[in-house]
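**Q** The sequence isn't on hand, but the structure is:
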């Protein structure tokens, strides 16, 4: 299986468990790896035969911007479900970074894998 990826996708949203976090938008940074087979797309040069990372990035950003989850874990799970359902992605690894959430750490967040690598 091949991998199509998106790195450093920055999206502002309402996220967090504290009252002050419910009143502001915070920037999340996502990295996404998606398993697929690119051979048909490579042979045909037809975007319809691969994962369209521009369409995926735009859909994911729109979804996250409209969400208001309390936990990054919830948001990561919902993003994975949406991507697998709408883009038929058999396997993905999603990293969701809530940079600055812990003042003594550079980065915090979650990494999840869903589906089968095949």
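**A** Right, received. Where do you want to start? No experiment lies behind these values; they were computed from the predicted model shown. Residues are numbered from 1 along each chain as shown.

**Q** By residue count, what's the longest helix in the protein?
**A** Determined from DSSP state H, the single longest helix within the chain is helix 72-87.

**Q** right, and the helix or strand after that helix?
**A** strand 91-97 (DSSP states H and E).

**Q** thinking again about what came up before, list the helices and strands the longest helix of the chain packs on?
**A** Other elements packing on helix 72-87 under the criterion 3 or more C-beta pairs under 8 Å, 6 or more residues apart in numbering; DSSP states H and E are strand 26-36, helix 53-66, strand 91-97, strand 109-115. Any C-beta I mention is one placed from the backbone N, CA and C, and that applies to glycine too.

**Q** Surely residue 100 forms part of a helix?
**A** No: according to DSSP: H, G, I helix; E, B strand; the rest coil, residue 100 belongs to no helix; its state is coil.

**Q** what's it in contact with, if anything?
**A** residue 26 (C-beta atoms under 8 Å, 6 or more residues apart in numbering).

**Q** how close does it sit to residue 20?
**A** 14 Å (C-beta to C-beta, to the nearest Å).

**Q** Look at residue 101 and report its pLDDT.
**A** pLDDT recorded at residue 101 is 88.

**Q** That one reaches residue 108, doesn't it?
**A** Yes: taking C-beta atoms under 8 Å as the definition, residue 101 is a contact partner of residue 108 at 5.0 Å.

**Q** Please say which of those two ends up with more neighbours.
**A** residue 101 (16 against 13; other C-beta atoms under 10 Å).

**Q** From residue 24, how far off is the more buried one?
**A** From residue 101 over to residue 24 (counting by C-beta to C-beta), the distance is 13 Å.

**Q** Please apply the same query to residue 64.
**A** 15 Å.

**Q** Residue 53 too?
**A** Taking C-beta to C-beta, one finds residue 53 at 29 Å from residue 24.
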